[in-house]
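Chemist: quick check, what structure comes out for this input:
(chains A and B)
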2 protein chains.
Amino acid sequence: MKAEIITIGDEILIGQIIDSNSAYIAKEFNKIGVSVYQITSVQDERQHILDSLAIANARSQVVILTGGLGPTKDDITKHTLCEYFEDTLIQNDQVLAHIEMLFKKYISTPISELNRRQALIPSKAVALHNEFGTAPGIWMERNGTVFVSLPGVPYEMRGLIQNGVLPRIIEKFERPYIIHKTLMTYGLGESAIAEIIEDWEDNLPEEIKLAYLPNLGRVRLRLTAKGTDEDRLKRLLEQEVQKLHPLIGDILYGEEEDESIEAQLGKLLAEKGKTLSTAESFTGGKIAERITAVPGASSYFKGTVVSYATETKVKLVGVNEELIKKHSVVSEAVAIAMAENIKNIIGTDFSIATTGNAGPSKGDSNAAVGTVYIAISTPERTFAKEFQMGKLRERVVNKSVNKAFELLYKEIANF
Amino acid sequence: MKAEIITIGDEILIGQIIDSNSAYIAKEFNKIGVSVYQITSVQDERQHILDSLAIANARSQVVILTGGLGPTKDDITKHTLCEYFEDTLIQNDQVLAHIEMLFKKYISTPISELNRRQALIPSKAVALHNEFGTAPGIWMERNGTVFVSLPGVPYEMRGLIQNGVLPRIIEKFERPYIIHKTLMTYGLGESAIAEIIEDWEDNLPEEIKLAYLPNLGRVRLRLTAKGTDEDRLKRLLEQEVQKLHPLIGDILYGEEEDESIEAQLGKLLAEKGKTLSTAESFTGGKIAERITAVPGASSYFKGTVVSYATETKVKLVGVNEELIKKHSVVSEAVAIAMAENIKNIIGTDFSIATTGNAGPSKGDSNAAVGTVYIAISTPERTFAKEFQMGKLRERVVNKSVNKAFELLYKEIANF
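Modeler: Model (predicted):
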């Protein structure tokens, strides 16, 4: 069974926003065995939307539309859907009551005619309750294909997917099982790995597909099994992973459990009852930000000093000025001092420190753009490593943050 | 003239990655007057790709394909493009020399047969030089439509767009002018604004389109002018913006110059020769991270303490324990103390401090989830404001970061 996603709105087509909604929907659909065949972004334009609906209708059982449900004139999804279904809009009293409640509770201005119009939905449609906003989801069916229109505001869309769309799809459709397993590797490129595992790849059972996903110095290998017998799929996947282990064991970093490395780190720290702090220079707080994006981080993460200026490294992280003069601010010695000091100052079991030059200019040091040092301090030792992360600022930071998490992960896992 | 983007790869369709490439391409195309009519994400599947090429060919003059150019077996774009053009792959010696150079310079392993194959391109194609990687861009033409295939790795794709694709499109096609102007508002919802400006909107000249873009407590109004006479378009846009000002002047926050608020803040600080520090609690370093993502931030940004734990607020930000006991850690008094102290400790002109509860649990305070305080300290005064940011963790953080930048921006602009 196939699904498609159609996102409506010029803001994606002029590059003003990135379409993160589709990835969210695709991920949630995959979990319940629904494959997304195509994602299409179209303009706020009647005929273009109608054409896309017809194409999707001809080949898919579920069509999700996002965007174009707001109260203003540039939003035309609802009217176009009505036209496609040869239907008319009628007022839904439950939706209207919900809109009135939201205005009373959160918004000081009186409810307007435009807001009221959001309670109009096609007469053949079921309204899906939008807990977080005024535009309801709209569920319609035609010749066995379901059309669902959702608002484009991400948190409203997510609530509707979880509480309205997924339960109804699970009830309505028989679905195959889709299982993914993603193995994370580091240290070898895509083609070098491909040569090592060529024989294995050529002999994969037909239910299993392999994909190489290179990103920021790591290659992830994604195995996807699809079929009707869940137990058989799990067994097949497990067998293939077992065959793979001896081939790439030395570059295998872990399995991706649909979870970021910072979330896995957090789990480890919480399990072991250990705490973490960071002292960040060129990473500018990005390590802290990713750690604290994990719910529950306050139980193991104590704090960070972002010492972007050299003087802040001295004042707040207690790095010796002589040491900086002798080794320069981008150096192994300074990274080690930062890691040890922050661990002691904040009082944690582990710490991460970074110092480096992300470019574009040379900043307080004379280090080449892309030269970075990452230090890890544990209850037993402190060490720093030097890396060359290239010339692109954003990439230097992101690769370094990933690398810091990798280094720390190994230390904590073995502790 | 129309362009389309086709992204190839299952990773987008299973939600494993978010398609940020398309937004980048769309934005760059818009700048040179090329409208993107549709963005389509399809699977790594021969027939699906062929069908998409044919549909795009029938209506667009430029078709950009991204993804599926790597050396491994799951990447089939090149072969499928060859099939579509009834062409064969031949070795491009310049590309091969580039691949050999990259391996010599950056990669210790010897060059493999798989890497060598990346120098094969369709005989009718022009190879576009990929400075950062081994897969070249591929430029082909058919009945006046250009097809360009680019690798999916973002920084490789970006280099190819800038140096290979844009200059060739500018040379080959006559393009209309497309000008966007985005006005940022705060404090009123989409429909309330729509009512205020209804007459104005109804009387917009036909070259100008209006879109409402609500996001995290702000609504942006985007005006798009399209036509052949650049001067006329600029004049029309300017006239309409002038008419709009008296209608929504009190909620107008600024114009979006294709630039984030943190970049605008950075410009202001650099112009005025002033410096900034932050003390962050529940925002976890996100404010620092966004500030330091702007190139050149080191000239005005000195550092941050992320005091995620209450004890870190005491130890590193010097907040009085009695004050915390009296007012609780999530309070106006603590926010103000954090802002004043960090400004003094790091020694900057301005500072931002945050304390609040982003959820899901209550953490060190008893404040309700979503209650936050944001404090701003200037050379003249310090103040804090309370906000209710809702119940969704990620949203609480992001709305608060935006709000902090807004509050600071006003202070610095008026300083």
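Chemist: can we go C-alpha only for contacts and neighbour counts from here?
Modeler: Fine.
Chemist: do stretch A:379-387 and chain B meet?
Modeler: No: contact check for stretch A:379-387 against chain B, using Cα under 8 Å from any Cα of the partner chain: none in range, with a minimum separation of 12.9 Å.
Chemist: in that stretch, what's buried?
Modeler: Of the residues in stretch A:379-387, A:Thr382, A:Phe383, A:Ala384, A:Lys385, A:Glu386, A:Phe387 count as buried by neighbour count, 16 or more other Cα atoms under 10 Å in any protein chain shown.
Chemist: tell me the SS of the fourth one?
Modeler: Okay, so that is A:Lys385. Following DSSP: H, G, I helix; E, B strand; the rest coil, A:Lys385 is assigned to strand.
Chemist: could the buried residues of stretch A:379-387 be laid out in a markdown table, adding pLDDT?
Modeler: Shown next, in a markdown table, are these (pLDDT from 0 to 100):
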| residue | pLDDT |
| --- | --- |
| A:Thr382 | 97 |
| A:Phe383 | 97 |
| A:Ala384 | 97 |
| A:Lys385 | 96 |
| A:Glu386 | 95 |
| A:Phe387 | 93 |
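Chemist: which parts of the stretch 151-300 of chain A sit against chain B?
Modeler: That would be A:153, A:190-192, A:194-195, A:210-212, A:214-215, A:282-286, A:288-289, A:292-293, A:295-296, A:298, which are the residues of the stretch 151-300 of chain A within reach of chain B (Cα under 8 Å from any Cα).
Chemist: ChimeraX command to pick out the buried ones of those residues?
Modeler: Paste this into ChimeraX to select the buried members of these, with burial taken from 16+ other Cα under 10 Å:
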select /A:153,190,191,192,194,210,211,212,214,282,283,284,285,286,288,289,292,293,295,296,298
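Chemist: what's around the closest residue to A:Lys78 other than its chain neighbours, how many residues?
Modeler: The shortest distance from A:Lys78 to any non-neighbouring residue, by Cα to Cα, 6 or more residues apart in numbering or on different chains, is to A:Leu69 (6.5 Å). When counting by other Cα atoms under 10 Å in any protein chain shown, one arrives at 26 neighbours for A:Leu69.
Chemist: quick one: A:Leu69 and B:Ile193, what's the gap?
Modeler: If you measure A:Leu69 against B:Ile193 using Cα to Cα, to the nearest Å, the figure is 16 Å.
Chemist: which strands and helices lie in contact with the longest helix anywhere in chain A?
Modeler: Scanning chain A for the helix with the most residues, using DSSP state H, yields helix A:393-413. In terms of contacts (3 or more Cα pairs under 8 Å, 6 or more residues apart in numbering or on different chains; DSSP states H and E), helix A:393-413 is packed against helix A:261-272, strand A:371-377.
Chemist: from the chain's centre, how far out does it sit?
Modeler: 17 Å (Cα atoms, centre = their mean, to the nearest Å).
Chemist: pull out the buried residues from that helix.
Modeler: A:393-409.
Chemist: then stretch A:39-53?
Modeler: By neighbour count on 16+ other Cα under 10 Å, the buried set for stretch A:39-53 is A:Ile39, A:Thr40, A:Ser41, A:Val42, A:Gln43, A:Asp44, A:Glu45, A:Ile49, A:Leu53.
Chemist: was I right to think the second one contacts A:Ile6?
Modeler: Yes: using Cα atoms under 8 Å as the test, A:Thr40 is close enough to A:Ile6 to be in contact (4.8 Å).
Chemist: sorry, back to before: among the buried residues of stretch A:39-53, which ones lie close to chain B?
Modeler: The overlap between these and the neighbourhood of chain B (criterion: Cα under 8 Å from any Cα) consists of A:Ile39, A:Thr40, A:Ser41, A:Val42, A:Gln43.
Chemist: among those, which are in strands?
Modeler: Secondary structure from DSSP state E places A:Ile39, A:Thr40, A:Ser41, A:Val42 of these in strands.
Chemist: circling back to that earlier point, the residues of the stretch 151-300 of chain A next to chain B in strands, which ones?
Modeler: Among those, the subset assigned to strands under DSSP E consists of A:Leu210, A:Ala211, A:Tyr212, A:Pro214, A:Asn215.
Chemist: I appreciate the help and will end here.
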